[in-house]
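Student: got a structure for you, letters missing:
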């Protein structure tokens, strides 16, 4: 019975659509505290880009860069306080525990799925690479009633997995 | 900026033809009705406007089935009145079978479209095969969000067979698009067509300025 209720709930619930706007900005438009915080990192990084992101309510500033061949994005609030850091990885780079947990969730959610983007999240910088606070995935998935692109957030604790649909432009 | 660069790349393609290039405006409106995640119906109204006046109107409808997050198939019908590039004016009925595949590539969205068409004009049948590749990318940022502009480049090859005759065509275009919050988008673009390739006729050159208004539910 609980399985049936869960199944009906899944069929009726439409995940919210992801509506974020990310705009390229100049370095001078970044909060100065954020630039000071990342000063020593950016001296060693390359391909540095600056963005302002808003979802209609929440404004953040983001710095994306390559460090030792790895792609990072570090996000700040408007005062320049660190919000989180994300490391772009592949599914195979995740620890077996994370992989099992993610696969188990997505296997129960979709009949077939592909992760097109995987990011490990950290709340500190420099990041403690072995202890991410979460994993964010962009997933192409389908089941008997849904098909599309979804964003999933897997926290490291036992709190619920977040999910929302990603806006798609379909070319016909 | 990338859009302007690509636009300049197109200019030399058009200029050599000079005298025999027609410059035409192609306004178009499309409405895609999403029935559910799997089924949608795409309809389109297109006109061709040249210095002479309105030369062509066409309306099309295509039910589409999404097979996977990346693939769609569709079966469509198009009705066209008028024919600006060939005279005299005709009524055309066209049936189309389409297969589409799109996938992300870095910050780009790459779309492949294969079409098989049966064109019926004045009782004559023309079989046409088309392949189009599209590359869409945000002008700012790493992805196309609502309220942002993007650029789109397309190249399409067409092969037509009629009564034992073969004719080829190539269409290359660049577009600047704007995505609104509610999935509406507007695209303006410039397209260059090289017609009657590999045939006994002289190669024709056509330059189209297109404006497309896409609406989706």
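Tutor: In hand now; what should we look at? Note that this is a predicted model, so its numbers are computed, not measured.

Student: For the lengthiest strand in chain A, name the packing helices and strands.
Tutor: Criterion DSSP state E: the longest strand present in chain A is strand A:112-122. Under the contact criterion of 3 or more C-beta pairs under 8 Å, 6 or more residues apart in numbering or on different chains; DSSP states H and E, strand A:112-122 touches strand A:82-89, helix A:96-109, strand A:134-142. C-betas here are computed from N, CA, C, even on glycine.

Student: Give me the contact list for it.
Tutor: Applying C-beta atoms under 8 Å, 6 or more residues apart in numbering or on different chains, the external contacts of strand A:112-122 come out as A:73, A:84-91, A:93-94, A:102, A:106-107, A:128-129, A:131-142, A:149, B:68-69, B:104.

Student: the strands in the chain, which residues?
Tutor: This is for chain A. In chain A, the segments counted as strands under DSSP E are A:17-18, A:21-25, A:46-54, A:59-67, A:70-76, A:82-89, A:112-122, A:134-142, A:147-155, A:162-166.

Student: sorry, should have said chain B
Tutor: Taking DSSP E as the criterion, chain B carries its strands at B:21-34, B:39-50, B:53-66, B:71-81, B:91-105, B:108-121, B:124-138, B:148-162, B:165-179, B:185-197, B:204-216.

Student: Same list (those) but as a markdown table, adding mean neighbour count.
Tutor: Shown next, in a markdown table, are those (neighbours: other C-beta atoms under 10 Å in any protein chain shown):
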| stretch | mean neighbour count |
| --- | --- |
| strand B:21-34 | 16 |
| strand B:39-50 | 17 |
| strand B:53-66 | 16 |
| strand B:71-81 | 17 |
| strand B:91-105 | 16 |
| strand B:108-121 | 17 |
| strand B:124-138 | 16 |
| strand B:148-162 | 18 |
| strand B:165-179 | 18 |
| strand B:185-197 | 18 |
| strand B:204-216 | 17 |
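
Student: Lowest average pLDDT across those?
Tutor: Least confidently modelled of those is strand B:21-34, at a mean of 88 by mean pLDDT.

Student: which helices and strands sit right next to that one?
Tutor: Helices and strands touching strand B:21-34, by 3+ C-beta pairs under 8 Å, 6+ apart, are strand B:39-50, strand B:204-216.

Student: please redo it, this time with the cut-off set to 10 Å
Tutor: For strand B:21-34, the packing partners by 3 or more C-beta pairs under 10 Å, 6 or more residues apart in numbering or on different chains; DSSP states H and E come out as strand B:39-50, strand B:53-66, strand B:185-197, strand B:204-216.

Student: In a markdown table: those strands, plus distance to residue B:82.
Tutor: Output for the helices and strands packed on strand B:21-34, formatted as a markdown table (distance: least, C-beta to C-beta, whole Å):
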| stretch | distance to residue B:82 |
| --- | --- |
| strand B:39-50 | 7 |
| strand B:53-66 | 4 |
| strand B:185-197 | 17 |
| strand B:204-216 | 15 |
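
Student: Redo those strands as TSV? Include distance to chain A.
Tutor: Formatted as TSV, the helices and strands packed on strand B:21-34 follow (distance: least, C-beta to the nearest C-beta, whole Å):
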stretch	distance to chain A
strand B:39-50	5
strand B:53-66	5
strand B:185-197	7
strand B:204-216	8
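
Student: how much space between residue B:77 and chain A?
Tutor: Distance of residue B:77 to chain A, given as C-beta to the nearest C-beta, to the nearest Å: 14 Å.

Student: Can you name the residues bridging to that residue?
Tutor: Note on residue B:77: beta-bridge partners residue B:61, residue B:95, judged by DSSP bridges.

Student: and the gap between residue B:111 and residue A:147?
Tutor: Using C-beta to C-beta, to the nearest Å, residue B:111 is found at 17 Å from residue A:147.

Student: partner residues bridging residue 152?
Tutor: With no chain named, the answer covers chain A. For residue A:152, the beta-bridge partners under DSSP bridges are residue A:137, residue A:163.

Student: The intended chain is chain B.
Tutor: Note on residue B:152: beta-bridge partners by DSSP bridges are residue B:136, residue B:175.

Student: Would you agree residue A:72 is in contact with residue A:46?
Tutor: No: using C-beta atoms under 10 Å, residue A:72 is not in contact with residue A:46; the gap is 11.3 Å.

Student: low-scoring stretches of chain A, by residue?
Tutor: The model of chain A has pLDDT under 70 over residues A:1-20.

Student: Nothing else from me, thank you.
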